[in-house]
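**Student:** model this:
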Amino acid sequence: MSAPPTTALLRSALLDALAVLAPVDCAGCGAVDRALCDRCRAELSPLPVHQTLADGTPVVAALRYDATVREVVLAYKEQGRTDVARPLAAPLCTAVGAALQGRCELVALPVGRTAYRRRGYDPVRLLLRKAGLGHPLEALRQTHQRAAQKTLSRAARAENLAGSLAASRDIRGRRLLLVDDVVTTGASLSEAARALRAAGAEVVGAATLAATPRLSPQSPDLPSESRDSTRRTGLR
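**Tutor:** Residues are numbered from 1 along each chain as shown. Prediction:
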């Protein structure tokens, strides 16, 4: 639902005033004077995609990770642009809501010490707080250092992650929903689900902010009234 005209005008005026005091470029397109311009903000409107990991775990991604979404997420994770955390939190919250199956607890994948030191914050946990979803259950720990995933093939990613996570507490009988920022091959989520199930928990699924295009190919343009519908694809 769009904001009332008076509210939208007031918001725009406040942003204009803030831009004078602290100039900033749009994290999506680089336009001056906005942390996120109206056009790029509109690109973050969620259209959940339902997928399935190779192990059968269902995953819901709120956005397609390309174009504007990719630029904003990279700015948030790699350039310290925490000023876009709240706009990104909204679609993640939508994905969590779509993935929930009854009462369960949220579990975010652990962030490596090197990545945390470099950023100074945990991207997923910050989004969860901004979304009003509180602190996730600390249920996973890394068992060993892993090689960087970016340049690895699908098979190599799975091999690199195998056995890299373990439960960090007693979670027997608890119902858990995994949460992450971007799903690429699904290897990280599969490893997390394996570790939690090995410790006796029930993993009902996963929710992510975005999924890469090769996992969620774009469907034909949908009319505006179909924005709340969902698409289903395979994730292998």
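**Student:** And what about Val179, helix, strand or coil?
**Tutor:** Secondary structure, DSSP: H, G, I helix; E, B strand; the rest coil: Val179 is strand.
**Student:** ok, now which ones touch it?
**Tutor:** Taking CB atoms under 8 Å, 6 or more residues apart in numbering as the contact definition, Val179 lies against 92, 96, 106-109, 124, 128, 136, 206-208. Every C-beta, even on glycine, is put in place using the N, C-alpha and C of the backbone.
**Student:** Which members of those residues occur in strands, if any?
**Tutor:** Among the contacts of Val179, the ones falling in strands (DSSP state E) are 106-108, 206-208.
**Student:** okay, who's weakest in the contacts of Val179 by pLDDT?
**Tutor:** The member of the contacts of Val179 with the lowest pLDDT is Leu109, at 94.
**Student:** Just to check, it is in contact with Arg125?
**Tutor:** No - using CB atoms under 8 Å, Leu109 is not in contact with Arg125; the gap is 10.0 Å.
**Student:** ranges for the helices of this protein?
**Tutor:** 5-21, 38-43, 67-78, 85-99, 113-119, 123-130, 154-161, 187-198 (DSSP state H).
**Student:** Show residues contacting the second one.
**Tutor:** Looking back up the chat, that one is helix 38-43. With CB under 8 Å, 6+ apart as the criterion, helix 38-43 contacts 26-29, 31, 67-69, 71-72, 87.
**Student:** again, 10 Å this time
**Tutor:** Helix 38-43 has contacts (CB atoms under 10 Å, 6 or more residues apart in numbering) with 8, 12, 15, 26-31, 34-37, 63-64, 67-69, 71-72, 84, 87, 90.
**Student:** Filter those down to the buried ones.
**Tutor:** 26-29, 34-37, 63-64, 68-69, 71-72, 84, 87, 90 (16 or more other CB atoms under 10 Å).
**Student:** Could you list everything Ala108 pairs with in the sheet?
**Tutor:** Under DSSP bridges, the beta-bridge partners of Ala108 are Val179.
**Student:** For the residue lying closest to Arg141 once chain neighbours are set aside, give me its contacts.
**Tutor:** Of all residues not flanking Arg141 in the chain, Ser168 sits nearest, at 4.0 Å (CB to CB, 6 or more residues apart in numbering). Listed by CB under 10 Å, 6+ apart, the contact set of Ser168 reads 110, 137-142, 195, 199.
**Student:** 8 Å instead, please
**Tutor:** So Ser168 contacts 138-141 (CB under 8 Å, 6+ apart).
**Student:** same thing with Arg129?
**Tutor:** When contacts are counted by CB under 8 Å, 6+ apart, Arg129 touches His135.
**Student:** what's the spacing between it and Glu71?
**Tutor:** 23 Å (CB to CB, to the nearest Å).
**Student:** domain assignment for this protein?
**Tutor:** In terms of domains, the chain is parsed into 1-40, 44-232 (source: automatic domain parsing).
**Student:** where does the chain have low pLDDT?
**Tutor:** The chain contains residues with pLDDT under 70 at 1-23, 144-163, 214-236.
**Student:** For stretch 50-67, buried residues please.
**Tutor:** Using 16+ other CB under 10 Å as the test for burial, stretch 50-67 gives 50-53, 57-65.
**Student:** Noted, bye for now.
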